[in-house]
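Asks: With the sequence up front, the predicted model follows.
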Amino acid sequence: MPRNISKPTSRLALLATVGVAIGSLSIADSTDAVAQDWPERDISVIVAFGAGGGTDRQTRVMARHLEEVLGVSVTVQNAPGAGGQVGALTVLREEPDGYTILSTNQPDQSMTIALQDAPYDADDWAILAVDIYDPRLIVVANDSPYETWADFVEAARENPGELSVSAVTGGAQDLFGRWIMDVFDLDVNHVGYPSGGEAGSAVLGGHVTANIGDDFSRLNMRDDVRGLLLGSPEPSPRWPEATLMVDALAEEGLEPPTPDFLARYHVYAVPAAMVDEHPERFARLQDAIISIKDLPEYQDFIAESGVEDLSVMEPGENYEENFRLSLEALGEISDLAAQ
């Protein structure tokens, strides 16, 4: 039977509550004499993933605009490896003075903590801002006999072990697939691929029944596939036909740990020590990043990219509860990640 997913009880360390520390810092505070003198030199943004991916591209756009706001050079460096741990450790080795920022994704960072025994904890980090939100999506080819998620579930239950899903091996998409099939009590084969492109091609080529990707990342396949299930509480303008995960689970009498469990959040973070040692810098840096969303050139970029509804650019503390609950739940499903 599927596990109870409505009340996660993990004892893992929770995400830092930096909102209390910075909540008393107004925009006026962030522009006091000390903050105005900062930054005095270049800032580095360390991307925890390889060059050319969505996280890298978005970071470089942000960095270009951050230069305009702060008046210093902002360089972007890639430090991929170990699910994001290499990039995270690169930042933690630097002084927590705001001159080195981590660009990474949730839940990937929480996965390194909950599932990979990372040499850091959630409370070692303070999230400056959340940039892009991209919920998980399950698709099938247009010629698939499964028109809806309910069709897929019925077929999987009637034919245990015969249906299959593809995803990038070992990543959050793969874990989402294993988790959703588990809570629906479906015996489905999971087929891993080294890249999202290959995992997507597998469903188009008829090698697997379905593919697990992300809302926006699967847009390049829109003409050839249809959405079955969207891991979000709100419908997507790109996949209006997809059943919402919260609705599908409600029909089974279940509730996810969060309404968008395991969705991708692109985040910018710094060591939590910065909040204690340089609170005025933290506030200034956070304000600077968030202010980018109001720049006309940035708004044009978001519109041209077609992600207006997925562009967030909000303070990290707005998402603390979501990330905390996700981290707890990850501890409860660690056995799925080991399969």
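Replies: That came through, no problem. Numbering: from 1, shown residues only.
Asks: all contacts plus neighbour counts: C-alpha atoms, from now on.
Replies: Will do.
Asks: hang on, Pro271 packs against Asp121?
Replies: No: if you go by Cα atoms under 8 Å, Pro271 and Asp121 don't touch, sitting 10.7 Å apart.
Asks: Compare these two and say which one has the larger neighbour count.
Replies: Just comparing Pro271 and Asp121: by other Cα atoms under 10 Å the higher neighbour count belongs to Pro271, 24 against 18.
Asks: Name whatever forms a beta bridge with the more buried one.
Replies: Beta-bridge partners recorded for Pro271 (DSSP bridges): Trp125.
Asks: From Asp123, how far out is it?
Replies: Computed as Cα to Cα, to the nearest Å, the Pro271 to Asp123 distance reads 9 Å.
Asks: so which strand or helix has the nearest residue to Phe282 once chain neighbours are set aside?
Replies: In this structure, Phe282 finds its nearest non-sequential neighbour in Val275, 6.1 Å apart by Cα to Cα, 6 or more residues apart in numbering. Following DSSP states H and E, one finds Val275 within helix 273-277.
Asks: One more: Asp335?
Replies: Using DSSP H and E, Asp335 maps to helix 334-337.
Asks: And Pro256, by the same measure?
Replies: Secondary structure here is read from DSSP H and E; on that basis Pro256 sits in neither a helix nor a strand.
Asks: likewise Ser110?
Replies: helix 108-114.
Asks: Quick one: mean pLDDT for that helix?
Replies: Per-residue pLDDT values over helix 108-114 give a mean of 96.
Asks: same for it, what does it pack against?
Replies: Other helices and strands packing on helix 108-114, by 3 or more Cα pairs under 8 Å, 6 or more residues apart in numbering; DSSP states H and E, are helix 320-332.
Asks: Next, the residues that contact the helix holding Ser110 from outside, please.
Replies: Helix 108-114 has contacts (Cα atoms under 8 Å, 6 or more residues apart in numbering) with 12, 83-85, 118-122, 171-172, 326-327, 330-331, 334.
Asks: Considering the residues you listed, which possesses the most neighbours?
Replies: Within the contacts of helix 108-114, Leu327 tops the neighbour count with 29 neighbours, counted by other Cα under 10 Å.
Asks: what's the distance between that residue and Glu252?
Replies: Per Cα to Cα, Leu327 is found 24 Å from Glu252.
Asks: what's the answer for Ala337, then?
Replies: 23 Å.
Asks: Neighbour count for the two, which is higher?
Replies: Between Ala337 and Glu252, Ala337 has the larger neighbour count (other Cα under 10 Å), namely 18 against 10.
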